[in-house]
Structure formats: structure tokens, C-alpha cells
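In: please find the sequence and the predicted model below.
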Amino acid sequence: MKDRYDMIVVGAGPGGSITAKTAAKAGLDVLLIEKRQQIGDPVRCAEGVNKELLSTYIKPDPAWISADVIGSRIFSPDGTMIEMGEKLSGAEVGYMLERKVFDRALAREAANAGVEIMVKTRATGLLMNEGYVCGIKAQHMGNNYEIKSKIVVGADGIESKVGRWAGIDTSLKPIDVCTCVQYLMTNIDFDPEFCEFHLGTEIAPSGYIWVFPKGNGSANVGIGITGDKSTNGSVKKLLDKFVERRFPEGIIIEFIVGGVPVSRNIKRAVVNGLMLVGDAAHQSDPLTGGGIINSMWAGEMAGRVGVKAINANDVSAEFLQKYEKEWRSELGRDLSLSYIVKERFRKLTDEDLNTLGHSLESVDLKNLSLPGLLWALFKANKKLLWDLRHIFKDIKEIKDIEKAEVGI
Ligand SMILES: Cc1cc2nc3c(=O)[nH]c(=O)nc-3n(C[C@H](O)[C@H](O)[C@H](O)COP(=O)(O)OP(=O)(O)OC[C@H]3O[C@@H](n4cnc5c(N)ncnc54)[C@H](O)[C@@H]3O)c2cc1C
């Protein structure tokens, strides 16, 4: 480890590794640090990702693909099933990853691009000079270090401290965090070609239960509900109830808990000398909780803007607005829409969900596009058109807020 770099990236998740790789490929001297002793482990993820989107960042490799699914099945509270093809199923359906291997493959690609990586190295604070972030304080094997850099990127996940140290409000209200419990289960009976989503206010209030195939007869079976609906231990109890009913013979071989930001867009993701990426910038999808692709997408943007800033010898917040504007216009609008839909979704009763399920029961959704799905919904359920007027009104409001906040 040196005492000075062009860029330091804190956190070797997908967002951090892609940021570091992008910057190093363009010639920057980059350090990527990870507090855990093993990149990618422990996994806090259902590990589903859209094939096409993923392939834009890394060549698919059987070494980190544990299953390949062809679509999803959504179950309404009364058990009505809607089957959707891959295209319609969103950013979390396609390949089921083995993230322990995947996250390391991304880090290896960063290393191949020239990034220096240090594991078991925790950022403990930021170095500041005349209002600029100019490096980090770090701890490695009981020793404290001060490492300087022109830019710091906080890719330190949902528990991000980097943003807070830089004065960015990254706090999340319980309603804006999805609390998750997940089992890796074996000895279970399910269709390995489909991801399952189970909806219902009793099954998973303000959230859903998922069954994501993992190959060899195993699956990630998990639940995510917003923090305002969960009390101590209640999330696990809901999952246990589902498991008892759906997989009575199932055996749990791994148990994880974790959280995903499902909030409105963060107000600011840059300050002088610093950018936030991925879950640290609340860039996961508020409706689905998916964040792998988004963190890679944002990481690529932050890496590119970091290179431009350093080449221009200007790492001011004003220059880094290029990143802020790009991620908000590329990704932020989708996130805002997802947030609005999530808020509407939270208000649906079991009866509403069943009605929606029934209205699509006889529609062939395998090869439908999203507009096709909406059209099918409208045709079958005219009331929905009327309900959707709120969404369009909310979208306009959000656009106005964004315009006022970042001038895009
Ligand atoms: C139960 C669950 C299921 C999910 N399922 C899916 C899914 O199926 N599909 C999907 O797309 N998304 C899913 N997600 C979300 C997805 O896991 C995240 O959005 C994604 O990992 C975000 O990537 P990231 O790089 O921003 O952060 P992370 O992957 O969280 O990486 C952050 C890294 O920073 C490190 N770090 C933290 N603090 C420090 C520090 N001070 N110093 C050094 N290192 C530090 C952490 O150890 C970690 O390795 C799920 C999340 C949960 C909890």
C-alpha cells in the first residue's frame, strides 16, 4: 500500500469494483479497500440478475452462474399464478449468481486493470483539506493508516458511513428500508426454470416472498418487508410460516439477514472530492429491492467522471455534478417511478391483488413487452386506468422536485 492514490474506492461490492476498474482502465492509480477478509462473503442477496443488462458489464461465466431461469411466476394472495417471460420480469430475473464467486470475479477484473486491492481494511474516517475530501483513515490488521487521494468513492453499501462522514444525509427511515431474511434451502419441490414471487398483506405486508432457484435442487427462499411493518423477529416468523406451508420437507443450509434501501432518491451523492455509488447512494430499486445492476451502472458512471475530474484537475462538487446529473437522468428517473409504484403497491389490499391476478390469468405473458402487459391489464381491468392517474400525477411532482434539486 502506498500513501497516495488518484482514487480510493471504499467497498468491494459490485459498485466499488466496477468504479475502480473503470478508473484504472483509463489510467488512474486506484486503491480498492474491503473491510471483510473475503470479498463477496457473507452474501446478503437473493442473487438474481437480468442476463442482458449484466452482460454489458462482464462476460457471463459458468463459474459464477448457479442457475439460468426463463421467467417468473407471481402468486396473488389467493394463489392465482401469473407467468411472465424473462423480458417482463425485470432486473432481478435471468441468471442466478453465486455472489461469493461473482463479486470476486469483478474484483479480479479490477485488479487486472491495475487496481490495488486490500482486504481486511476498513475505512474509519475521511481526510479533509480546505473543504475537500482528500483521502481516508483506514485500519488494517490493527494498524491505523492515513492514505491520501484526489477522489474518494464511497461504495460501502447500505450501512455506508463514508457519506455521513462527508456530511451527506444518508439516514433511512424504517419505512425506507426493506428488511430481509433469507434461507438457502434444499430438499424442496419447485420449478428450477422460474423465479417465484408471492404477494399478500398476510404473507409479506408491504413486500414479497421470493423463491430463486440456485441449481442442484436448492433455492434462495426469502422475504423482504419495509421496516415500518416489521417488529422484532416478525420477518423471520412470516418466512417460517411460508416455508412450513410451501416446503414442509425443506432443509435450511444457510440463513442470512440484510437490508436494502427502498427510499426516494438521495438528495446529494457528491461533495468536494467524493462520490457515492450503489446502495451507499440508495440506488437500489425501491419496488423490487434489486441493486446489483444499478450499483454497477452507477459505478461505471462514477469511474468515468472521476477520470475526467482528475484529468481536468478539478474534483470540486461542481465538476462532480456531471456524475450527479448523469445518474439521476439515466437511473434516477426509473428509481423515482419505482418508488411511486411501490407506494401505490403498499396500499393495495389482498382483494386488489387477487383482482389483478385474475384479470391476467388467461393472458399469455411469456413473450409480452411491458407496454403489452399494461395494455392487457387495461383491457381486462378498466378501473386500473383510473387508479393510474395518481401515478402520472406523482411522476410530474417528482420530476419537479428533481428539477429544483439538481437542475436537470
Ligand atoms: C436479502 C437481499 C436480497 C437481495 N437480492 C437481490 C437480487 O436478487 N438482485 C439484485 O439485483 N439485488 C439484490 N439485493 C440488493 C443487492 O445485494 C445490493 O443492491 C448490491 O449488493 C449493492 O452493491 P454495492 O456495491 O452498492 O454494495 P455492497 O454489495 O453492499 O458492497 C459494499 C461493500 O462495502 C464493504 N464496506 C462497508 N463498509 C466498509 C468500510 N468502512 N471499509 C471498507 N469496506 C466497507 C462491505 O463489506 C461490502 O463488501 C438484495 C439485498 C438483500 C439484503
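Out: It's in.

In: for the residue in the stretch 301-408 of the chain that the ligand sits nearest to, grab the count of nearby residues.
Out: Relative to the ligand, the nearest point of the stretch 301-408 of the chain is Ala302 (11.0 Å; C-beta to the nearest ligand atom). (Each C-beta comes from the backbone N, C-alpha and C, glycine too.) Neighbours of Ala302 under the rule other C-beta atoms under 10 Å: 36.

In: quick one: it is in a helix?
Out: Yes: under DSSP: H, G, I helix; E, B strand; the rest coil, Ala302 falls within a helix.

In: which residue packs closest to the residue most central in space within the chain, ignoring adjacent ones?
Out: For the chain, Gly291 is the residue whose C-alpha lies nearest the centre (C-alpha atoms, centre = their mean; 1.3 Å). Once flanking residues are discounted, Gly291 sits nearest to Ser284: 3.0 Å by C-beta to C-beta, 6 or more residues apart in numbering.

In: measure the one you found to Asn143 for me?
Out: Here Ser284 is placed at a distance of 34 Å from Asn143 (C-beta to C-beta, to the nearest Å).

In: the two: who's more crowded?
Out: Using other C-beta under 10 Å as the criterion, Ser284 and Asn143 rank with Ser284 on top: 24 against 8.

In: so the more buried one touches Asn265, yeah?
Out: No: assessed by C-beta atoms under 8 Å, Ser284 is found out of contact with Asn265, at 11.2 Å.

In: so the residue nearest to Gly291, which of the three states?
Out: coil.

In: can you tell me which residues contact it?
Out: For Ser284, the contacting residues are Val260, Pro261, Val262, Gly278, Gly290, Gly291, Asn294, Ser295, by C-beta atoms under 8 Å, 6 or more residues apart in numbering.

In: roughly how far apart are the fifth one and the ligand?
Out: Read that as Gly290. From Gly290 over to the ligand the distance is 3 Å, taken as C-beta to the nearest ligand atom, to the nearest Å.

In: pretty sure that residue contacts Glu92?
Out: Yes: using C-beta under 8 Å, Gly290 is in contact with Glu92, at 4.1 Å.

In: list the residues that contact both of those two?
Out: Common neighbours of Gly290 and Glu92, using C-beta under 8 Å, 6+ apart, are Gly48, Val49.

In: so where is the stretch 101-250 of the chain shaky, pLDDT-wise?
Out: For the stretch 101-250 of the chain, no stretch has pLDDT under 70.

In: ok, now how distant is the residue of the chain most remote from its centre from Ala269?
Out: The outermost residue of the chain, judged against the average C-alpha position, is Glu130 (33.8 Å), by C-alpha atoms, centre = their mean. Here the criterion is C-beta to C-beta. By it, Glu130 lies 22 Å from Ala269.

In: isn't Glu24 up against Gly114?
Out: One correction, residue 24 is Ala, not Glu. Yes: contact criterion C-beta under 8 Å: Ala24 and Gly114 qualify, at 4.3 Å.

In: need phi/psi at the residue nearest to Gly291.
Out: For Ser284, the backbone dihedrals (degrees, to the nearest 10) come out as phi -80, psi 160.

In: any idea of the pLDDT on it?
Out: pLDDT, Ser284: 95.

In: do the same with Leu337
Out: Reported pLDDT for Leu337: 84.

In: any idea how many residues pack against it?
Out: 17.

In: ok, back up a step: for the residue of the stretch 301-408 of the chain closest to the ligand, give me the pLDDT.
Out: On the pLDDT scale, Ala302 is placed at 98.

In: that one contacts Ala280, doesn't it?
Out: No: the pair Ala302 / Ala280 is not scored as a contact, 10.7 Å apart, by C-beta under 8 Å.

In: for the stretch 1-150 of the chain, what lies in contact range of the ligand?
Out: Within the stretch 1-150 of the chain, the positions adjacent to the ligand are 10-16, 33-36, 44-49, 92, 122-123 by C-beta under 6 Å from any ligand atom.

In: buried subset of those?
Out: When these are checked for burial by 16 or more other C-beta atoms under 10 Å, the buried set is 10-16, 33-35, 45-49, 92, 122-123.

In: so which of these belong to strands?
Out: Judged by DSSP state E, these include Val10, Ile33, Gly48, Val49, Arg122, Ala123 as members of strands.

In: spell out which parts of the stretch 201-350 of the chain neighbour the ligand.
Out: Checking the stretch 201-350 of the chain against the ligand by C-beta under 6 Å from any ligand atom, the hits are 222, 258-260, 278-280, 284, 289-293, 295.

In: which two in the residues you listed are spaced the farthest apart?
Out: Greatest spacing in these, by C-beta to C-beta: Gly222 and Ala280 (22.1 Å).

In: who's more crowded, these two?
Out: Neighbour tally, Gly222 and Ala280, criterion other C-beta under 10 Å: the higher count belongs to Ala280, 32 against 26.

In: does the more buried one sit in a helix, a strand or a coil?
Out: Counting by three-state DSSP, the backbone at Ala280 sits in helix.

In: please name the nearest non-neighbouring residue to it.
Out: In space, and not counting its chain neighbours, Ala280 is closest to Ser160: 3.6 Å by C-beta to C-beta, 6+ apart.

In: which residues does the one you found contact?
Out: If you count contacts by C-beta under 8 Å, 6+ apart, then Ser160 has Gly154, Thr170, Leu276, Asp279, Ala280 around it.

In: can you flag the buried ones in those?
Out: Buried, going by 16+ other C-beta under 10 Å: Gly154, Thr170, Leu276, Asp279, Ala280, out of these.

In: how close does the last one sit to Lys21?
Out: Taking C-beta to C-beta as the measure, Ala280 falls 17 Å from Lys21.

In: distance from the chain centre to stretch 242-249, please.
Out: Relative to its parent chain, stretch 242-249 has a centroid offset of 28 Å by C-alpha atoms, centre = their mean, to the nearest Å.
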